[in-house]
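Colleague: just coords:
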């Protein structure tokens with residue numbers, strides 16, 4: 001499965017509790033642009049409108065700048081395609097538990113573009129510092145074991 005875009009900072013800023021797979025409603029030129037790796041998930045998040053979920057602030061620049069229509073908006077909200085039960089659980093977690101749903105990566109599966117969503121809780125600054133310390137200690141251990149071999 002080719003990965004077209006990834007939100008790497010999300011895994012550092014948030015504790016990912018659960019992941020989901022969803023489809024996206026896209027236009028033809030958006031599909032071409034995403035398949036060529038021009039999409040960006042930085043700053044994107046999931047919002048609720050009625051009984052539906054939308055990915056907001058995902059940037060998909062136009063495929064061909066000369067051929068776009070006048071009302072093309074590269075950060076428009078795009079509808080997420082999920083089963084009704086998955087939508088209900090996401091809405092429940094957002095409203096009752098105060099969690100956030102973030103897009104983690106865009107990838108292709110059997111010709112379709114899918115988005116991996118993460119139900120997440122924001123990390124506080126001291127938690128991030130602990131994560132950095134653990135990562136540095138693990139790096140040092142790996143270096144010493146490699147030096148011995």
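Modeller: Arrived safely, thanks for sending. Here the structure is a predicted model, which means the values were calculated and not measured.
Colleague: Could you verify my assumption that residue 68 touches residue 74?
Modeller: No. Using CB atoms under 8 Å, residue 68 is not in contact with residue 74, being 9.3 Å away. No exception for glycine: its C-beta is placed from N, CA and C like everyone else's.
Colleague: Name the residues contacting each of those two.
Modeller: By CB atoms under 8 Å, 6 or more residues apart in numbering, residue 68 and residue 74 have these common neighbours: residue 62.
Colleague: pretty sure residue 63 belongs to a helix, no?
Modeller: No. Secondary structure of residue 63 (DSSP: H, G, I helix; E, B strand; the rest coil): coil, not part of a helix.
Colleague: At which residues are the strands of this protein located?
Modeller: Under the criterion DSSP state E, strands of the chain are mapped to 3-6, 14-24, 45-49, 52-56, 78-81, 100-109, 112-122.
Colleague: Now these in CSV, please, with extra columns for mean neighbour count.
Modeller: Below are the strands of the chain laid out as CSV (neighbours: other CB atoms under 10 Å):
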stretch, mean neighbour count
strand 3-6, 18
strand 14-24, 16
strand 45-49, 16
strand 52-56, 19
strand 78-81, 18
strand 100-109, 20
strand 112-122, 19
